[in-house]
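Asks: one predicted model, sequence on top.
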Amino acid sequence: MLEVKVISALWLIGILAEAMTGALAAGKKQMDLFGVVIIGCVTAIGGGTLRDMLLGNYPIIWIENAHYLLAIAAASLLTVMIAPLMRYLSRLFLAIDAVGLAVFSIVGAQKTLMLGYSAEIAIVMGVVTGVFGGVIRDILCNQVPLIFKKELYALVALLTATLYVLMKFNGVVEWLSLSTAVLFGFCFRMLAIRYQWSMPKFDYQYQSDSSH
Amino acid sequence: MLEVKVISALWLIGILAEAMTGALAAGKKQMDLFGVVIIGCVTAIGGGTLRDMLLGNYPIIWIENAHYLLAIAAASLLTVMIAPLMRYLSRLFLAIDAVGLAVFSIVGAQKTLMLGYSAEIAIVMGVVTGVFGGVIRDILCNQVPLIFKKELYALVALLTATLYVLMKFNGVVEWLSLSTAVLFGFCFRMLAIRYQWSMPKFDYQYQSDSSH
Amino acid sequence: MLEVKVISALWLIGILAEAMTGALAAGKKQMDLFGVVIIGCVTAIGGGTLRDMLLGNYPIIWIENAHYLLAIAAASLLTVMIAPLMRYLSRLFLAIDAVGLAVFSIVGAQKTLMLGYSAEIAIVMGVVTGVFGGVIRDILCNQVPLIFKKELYALVALLTATLYVLMKFNGVVEWLSLSTAVLFGFCFRMLAIRYQWSMPKFDYQYQSDSSH
């Protein structure tokens, strides 16, 4: 079961990378260390937690195994210590974050399929797992979620989850589906950053006084 | 079961109207098309989803039947295309939104009663179903939820759900309860917009340094 | 079972104090009376509700017993009426809020232990119960949650819950664990306000264009 170990390792790396994005976002709002840890935790586990709450899939993994929270809290505090180095590490950091995005989307879809849901819902839950940690982070930091405005973040989650589900439904062996989808998601995200790919924006500025 | 078909049709219309309000709100924040679709979905299904999560009522309807999400996504993208027409359609749009508000509140109360909860909780869940989609939309768009400040939106949900529950508890036949409550909620909302009815506001500007 | 009655009474006092902080926050945003009641309710029951949703612990207490919601709504509206007096009562109010914080944290941890979860998760759920009502209040009022920035609020919840759980795991009788933890949490919070204790802040202003 090498592929299980590899995907678990990548998942853990992704969670820690997400915790670090949360800690940095908290630092931009000058939060205290407790705030940094909470935002780090919510960013790292928020997407998977929301998925499990939507599916009614209890117990949630970090509640069964509290070690994850300790690791995430440690990664958040570590971020505070190495923050002055972050500008030199930012390229590495973006790469780790891209791995996390791909793995979260795949694991989210995979778990949903295992619970017996349809391919469509597995893809939706891949997106929820991949991007909603960052959405909750941005809400707690009181800003419009970045993923709705910046480069192809959510689309990477959607296509990566879709690719994985399609291969799975067509009988591709698990290790091949996993590695292809991780590689695809990672490369797609890195190319989107490199070439600043983005989706068309919808700009609607007509102000009606009585519409909600 | 004509009344079931009528209420289902109105519910679907309401969901699509809610999706459109979400898409327009996303456009006001210049989100990309993916953001538009996500905000559209969350607005349309957020209230009912929160209700089911609060009640522990699984599986949630759109997870069992992914067609709803596709219809909502389509309505969100359609909104982008017809946005230039929205100013001419705004009156029609407000009317459709009012139908949606009434139907959501009634359906929310109805489902809660069917699950065996008390009349009070059915009314609360009617309000949750009717208004929290819009609340989540406004949070994601980083603004104070409009329903807490503007015309009688939440009060329409409260009174419509109360009226339906009262008729139900007094033995009124279902089709009569449904149609009376829909008509009441629709007219009340349209009158509130027309005459700018609003509730008294609470303005508290004393700033204490150490209160939360 | 005197200690059960005392802790229930303190819990109710805490809930009403939380409702009042919610109502005041709504007033600072000039919400209408319905908004005041909703923010009051969400602040008072949000932390416990989130805890139960994370644990999958249904039915949630206020859904089983709707009287709580009525009491909370009444406390919210009462706050509007006595708002002009709040500046004279602010010291009393902070004290009541401190009682609430301590009791929420303890009750959150206690309930989680009763459901069979580990000590670590009980402490985490103590923090969730103690502080997330205020976090949701601040999100709905569109501001960065205060507890991430101001005096030791979340740390009080963490240490109070930890103290209670430690005593419990070391065989201390319930009434002694409860009263010691309440007293500790209350005094710690009051001292933190009095001497403006706070945690170190993380200030990270480096702006990367492509990091999330």
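Replies: Right, received. Where do you want to start? Bear in mind the structure is a predicted one, so any value in this text is a computation, not a measurement.
Asks: middle-most residue in chain A, spatially?
Replies: When CA atoms, centre = their mean is applied to chain A, the residue found nearest the centroid is residue A:130 (3.4 Å).
Asks: so who does that one touch?
Replies: Residue A:130 makes contact with A:47, A:101-102, A:104-105, A:108, A:154, A:156-157, A:160-161 under the criterion CB atoms under 8 Å, 6 or more residues apart in numbering or on different chains. The C-beta positions use only the backbone N, C-alpha and C, and glycine is treated the same way.
Asks: how about the residues of chain A by chain B?
Replies: Counting by CB under 8 Å from any CB of the partner chain, chain A comes close to chain B at A:53-56, A:117-118, A:120-121, A:124, A:135, A:139, A:142-145, A:147-149, A:154-155, A:158, A:198-206, A:208, A:210-212.
Asks: which among these end up buried?
Replies: A:53-56, A:117, A:120-121, A:124, A:135, A:139, A:142, A:144-145, A:147-149, A:154-155, A:158, A:199, A:201-202, A:204, A:211-212 (16 or more other CB atoms under 10 Å in any protein chain shown).
Asks: per-residue pLDDT, the spatially closest residue to residue A:137 that is not a sequence neighbour?
Replies: Leaving aside its chain neighbours, residue A:137 sits nearest to residue A:43 (4.1 Å; criterion: CB to CB, 6 or more residues apart in numbering or on different chains). Residue A:43 carries a pLDDT value of 94.
Asks: residues in contact with residue A:43?
Replies: Under the criterion of CB under 8 Å, 6+ apart, the contact partners of residue A:43 comprise A:18-19, A:21-22, A:25, A:133-134, A:136-137.
Asks: would you say the residue nearest to the centre of chain A is within a strand?
Replies: No - Residue A:130: not assigned to a strand; according to DSSP: H, G, I helix; E, B strand; the rest coil it is helix.
Asks: how about stretch A:105-124, which residues are buried there?
Replies: So, applying 16+ other CB under 10 Å, buried residues of stretch A:105-124: A:105-113, A:117, A:119-124.
Asks: and the furthest pair within these?
Replies: Within the buried residues of stretch A:105-124, A:107 and A:120 form the most distant pair, 17.6 Å apart (CB to CB).
Asks: okay, residue A:158 and residue A:185: tell me how far apart.
Replies: Using CB to CB, to the nearest Å, residue A:158 is found at 10 Å from residue A:185.
Asks: who touches both of those two?
Replies: Joint contacts of residue A:158 and residue A:185 (CB under 8 Å, 6+ apart) are residue A:105.
Asks: and the helices in chain A?
Replies: Ranges of helices in chain A, per DSSP state H, are A:2-28, A:33-55, A:61-64, A:67-82, A:86-114, A:119-140, A:154-169, A:174-194.
Asks: now distance to residue B:93 too, for those, in JSON lines please.
Replies: Below are the helices of chain A laid out as JSON lines (distance: least, CB to CB, whole Å):
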{"stretch": "helix A:2-28", "distance to residue B:93": "36"}
{"stretch": "helix A:33-55", "distance to residue B:93": "29"}
{"stretch": "helix A:61-64", "distance to residue B:93": "43"}
{"stretch": "helix A:67-82", "distance to residue B:93": "44"}
{"stretch": "helix A:86-114", "distance to residue B:93": "35"}
{"stretch": "helix A:119-140", "distance to residue B:93": "27"}
{"stretch": "helix A:154-169", "distance to residue B:93": "27"}
{"stretch": "helix A:174-194", "distance to residue B:93": "35"}
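Asks: low-confidence stretches in chain A?
Replies: Where chain A drops to pLDDT under 70, the residues are A:1, A:151, A:206-212.
Asks: same thing but at 50, please
Replies: Applying pLDDT under 50 to chain A picks out residues A:209-212.
Asks: run a quick neighbour tally on residue A:93.
Replies: 19 (other CB atoms under 10 Å in any protein chain shown).
Asks: state the distance from it to residue C:115.
Replies: Distance from residue A:93 to residue C:115, by CB to CB: 38 Å.
Asks: swap in residue A:194?
Replies: Counting by CB to CB, the gap from residue A:194 to residue C:115 is 48 Å.
Asks: isn't residue A:45 up against residue A:68?
Replies: Yes - counting by CB atoms under 8 Å, residue A:45 does reach residue A:68; the two are 7.1 Å apart.
Asks: which of the two has more neighbours?
Replies: Set residue A:45 next to residue A:68 and count neighbours by other CB under 10 Å: residue A:45 wins out with 23 against 18.
Asks: which residue comes closest to that one once chain neighbours are left out?
Replies: Nearest to residue A:45 is residue A:62, by CB to CB, 6+ apart, at 5.3 Å.
Asks: list the contacts of the one you found.
Replies: Residue A:62 is in contact with A:45, A:49, A:68-69, counting by CB under 8 Å, 6+ apart.
Asks: kindly report the same for residue A:115.
Replies: Contacts of residue A:115 (CB under 8 Å, 6+ apart): A:55, A:57.
Asks: is stretch A:66-73 anywhere near chain C?
Replies: Yes - contact of stretch A:66-73 with chain C is found when judged by CB under 8 Å from any CB, involving A:66, A:69-70.
Asks: ok, back up a step: quick check: neighbours shared by residue A:45 and residue A:68?
Replies: A:15, A:62.
Asks: next one: the residue lying closest to residue A:162 once chain neighbours are set aside from residue B:110, what distance?
Replies: In space, and not counting its chain neighbours, residue A:162 is closest to residue A:123: 5.3 Å by CB to CB, 6+ apart. Computed as CB to CB, the residue A:123 to residue B:110 distance reads 31 Å.
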